[in-house]
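>>> any chance you could fold what I've pasted below:
(one chain, ligands or ions: 2)
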Amino acid sequence: MTPRRITVLGATGSVGSSTLALMDEAERAGTERFHVVALTGGRNIARLVKAARRWRPEVVVTAHEGLRPELEQALAGTGIAVSAGADALVEAALRPADWIMAAIVGAAGLRSAWAAAGTGAVLGLANKESLVCCGPALMARALAAGGRVVPVDSEHSAIYQVFPHDRPQDVHRLVLTASGGPFRKTPLNELAQVTPERAVAHPNWSMGAKISVDSATLANKGLEMIEAAWLFAMPEAKIDVVVHPESIIHSLVECVDGSTLAQMGPPDMRTPIAYALAWPRRMAWEAPPLDLVALGSLTFEAPDIERFPALDLARQALKAGGNAPAVFNAANEVAALAFLDRRLGFLNIAAVIADTLEAASASGLADATGDACEVALAVDQQARRLARTCLDRRGQAA
Ligand code: NAD
Ligand code: MG
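Residues are numbered from 1 along each chain as shown. Ligands and ions are numbered 1, 2, ... in the order given. Here you go, the predicted structure:
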């Protein structure tokens, strides 16, 4: 069996670690063999070193220059090359590989995802922010390079698995499911005071801190609407969201003839990761079974836009088009991180996004044009500056 060449960008995170764990399980079962080309991480050097010792990649990269000596020291004598910094992440993504997982969190993952999309490899895309910031160009780039983007986000994996790829005109509507997050039923007068600890305690999914906050505000579902629009070339009007607190149906495709196709499974990110890793085959792993009888019933409700205004702001950004989705993403990142740092109240996350979108539109920022990745990076930086100004105003009121 020829080993498949694999790179994992963001190997130390929630998605990255699950990817490596699935690869380990498959190798132990003797069903797959992997040659790891590159592993990248951020500040968690101990976890990066552990993964490097297990997989013996060609190169290991930390995003932070200052941590290079620590990484070098820990891997001295192993023969594994060590590198650091933003350019090194891009170089890692450009190394020849058959399959690349893009699992860096936030717009920080944009340059490496863009680089990976240009290599012609199959790109397992968890970093939804890169799609949100320059989705149409990223998809076109992967296609032109002879590669393919296989979504890892559970909703998009679900749609991808049932989507009529050769007849997209058969699709009437995409329906993304949302768990509703930890504050679906929290009394409205308590929301202003909720803590980061409560926000990251997701009822169904175990995830990184930023996406957990996004799930609590439903900004995550907003990002996912935009992600779906670019991945499946669907207009905003054909993308809906339904709240499904059990997180068993991961999303649905409604066809023009009245048939609705859905993908189901227990809420476990390893299933969509395994799907992307094995695509176009499927791989066996010790997946938890779906016990419908034990579940008894599945429930659905409409999203509460008043409670979760970030969802509607994302829809407005998608409708506005241009760079508005990148502005939404930047403002959300700044506000979510400020909330995690206790510098902003929960309800002000959406307020900062709204203020930033308005300021960006007034300044013409949302209309900038040029090379898609460079524009997205420039818009991201400028939108962050605008968002910080909005945050200073709102933060004091928090
Ligand atoms: P995480 O916070 O657990 O891990 C993030 C990874 O990115 C880590 O390896 C970290 O070292 C790296 N990283 C952080 N900042 C960086 C920087 N500035 N430069 C380079 N690398 C950096 O995040 P996660 O929950 O694994 O999410 C990863 C991506 O997958 C996100 O885009 C998220 O939206 C998406 N996603 C995650 C889940 C989930 O269940 N965790 C589900 C769907 C989609
Ligand atoms: Mg998701």
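
>>> neighbours of residue 312, just the number please.
16 (other CB atoms under 10 Å). For glycine as for every other residue, the C-beta is placed from the backbone atoms N, C-alpha and C.

>>> list the contacts for it?
By CB atoms under 8 Å, 6 or more residues apart in numbering, the contact set of residue 312 is 222, 305.

>>> make sure it is indeed in a strand.
No. With DSSP: H, G, I helix; E, B strand; the rest coil as the criterion, residue 312 is helix rather than part of a strand.

>>> roughly how far apart are it and residue 127?
Residue 312 sits 24 Å away from residue 127, going by CB to CB, to the nearest Å.

>>> what of residue 271?
Relative to residue 127, and taking CB to CB, residue 271 is found at 19 Å.

>>> tell me which of the two has more neighbours.
The neighbour count for residue 271 versus residue 127, taken as other CB under 10 Å, is higher for residue 127 (28 against 21).

>>> distance of that one from residue 70?
Distance from residue 127 to residue 70, by CB to CB: 25 Å.

>>> could you do residue 345 as well?
Where residue 70 is concerned, residue 345 sits at a distance of 36 Å (CB to CB).

>>> pLDDT at the closest residue to residue 238 other than its chain neighbours, what is it?
With CB to CB, 6 or more residues apart in numbering as the criterion, residue 238 has its nearest non-adjacent residue at 5.1 Å, and that residue is residue 173. With respect to pLDDT, residue 173 scores 98.

>>> which residues touch the helix or strand harbouring residue 173?
Per DSSP states H and E: residue 173 is located in strand 171-178. Under the criterion CB under 8 Å, 6+ apart, residues 155, 159, 163-164, 218, 221, 224-225, 228, 232, 234, 238-244, 247, 249-256, 260, 303 lie in contact with strand 171-178.

>>> what about it and ligand 2, touching?
No. If you take CB under 5 Å from the ion as the test, strand 171-178 misses ligand 2, and the best it gets is 8.2 Å.

>>> where does the chain have low pLDDT?
396-398 (pLDDT under 70).

>>> show me what contacts the residue nearest to residue 1 when sequence neighbours are not counted?
Of all residues not flanking residue 1 in the chain, residue 33 sits nearest, at 5.0 Å (CB to CB, 6+ apart). Residues near residue 33 by CB under 8 Å, 6+ apart: 1, 2, 3, 4, 27.

>>> if you rank the residues you listed by neighbours, which is first?
residue 4 (17 neighbours).

>>> now it. Nearest residue, chain neighbours left out?
Looking at residue 4 with CB to CB, 6+ apart, the closest residue is residue 98, at 4.8 Å.

>>> which positions in stretch 136-149 come out as buried?
137, 138, 139, 141, 142, 147, 148, 149 (16 or more other CB atoms under 10 Å).
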